[in-house]
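K.L.:
Predicted model, plus sequence, below.
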Amino acid sequence: MKDHLKEFIDKNRSELDNRVPSEQVWNRINAGLTEKKVSLWNSVMVWRVAAILFLSLSVYLFSTRTLNVQTRESARLQGEFSDLESFYVEQIAEKVELISDIQDFSNDEKFAQDLEKLEAMYQVLREQMKTQPSEKVKDALILNLLVRIDLLNQQIKDLEDFEKEKEQQEDASI
């Protein structure tokens, strides 16, 4: 079969070579080549835009969720601390009142300075708790309150011991 076609082409080459397609035929062929319809879903730009939108939405949702978790954690820490703070501040106030009934703070400079330093540290920690609440800051605040209570207890003990010695001296002198 191939040989028959080849023979036919060889015999009629002159007639076949003389034929030139018309200008209309070339225009239709050219129009068919340039008119490629591009589907919107096959466009690379559309997929890039979709990927950027998806990434942006994911980052936004993740950041708002993280912010909500941090806000809830902050509120929880503030709530826990405010309960503990009110209890310890009440304890400190009672002890300060008891000490002030026994003696004036100005008599013991070291004790007054220690209390002032602890109060200053407490205020700094409290500000940090408002801006950056965390378990560490909460624990440091509670520790500060406990140290103040311990310092006040020590002062009360020293004052009671001093009062006992004073009474024993008075009893011995009589």
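P.N.:
Looks like it arrived, so ask away.

K.L.:
how does this protein divide into domains?
P.N.:
The chain breaks down by automatic domain parsing into domains covering 2-34, 74-173.

K.L.:
where do the helices sit along this protein?
P.N.:
Remark: helices assigned in the chain by DSSP state H are 2-11, 13-18, 23-34, 44-102, 109-131, 135-173.

K.L.:
Could you tell me the least trusted of those helices?
P.N.:
Here those differ in mean pLDDT, and the lowest is helix 13-18 at a mean of 74.

K.L.:
rewinding a little: make JSON lines out of the helices of the chain and add mean neighbour count.
P.N.:
Placement of C-beta: from N, CA and C, glycine included. JSON lines is the format used below for these (neighbours: other Cβ atoms under 10 Å):
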{"stretch": "helix 2-11", "mean neighbour count": "9"}
{"stretch": "helix 13-18", "mean neighbour count": "8"}
{"stretch": "helix 23-34", "mean neighbour count": "9"}
{"stretch": "helix 44-102", "mean neighbour count": "12"}
{"stretch": "helix 109-131", "mean neighbour count": "13"}
{"stretch": "helix 135-173", "mean neighbour count": "13"}
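
K.L.:
quick one: which of the domains of the chain is nearest residue 58?
P.N.:
domain 74-173 (24.3 Å; Cβ to Cβ).

K.L.:
gap between the two ends of that closest one?
P.N.:
One end of domain 74-173 to the other measures 62 Å (Cα to Cα, to the nearest Å).

K.L.:
got it, and stretch 100-118?
P.N.:
18 Å.

K.L.:
Contact partners for residue 137?
P.N.:
125, 128, 129 (Cβ atoms under 8 Å, 6 or more residues apart in numbering).
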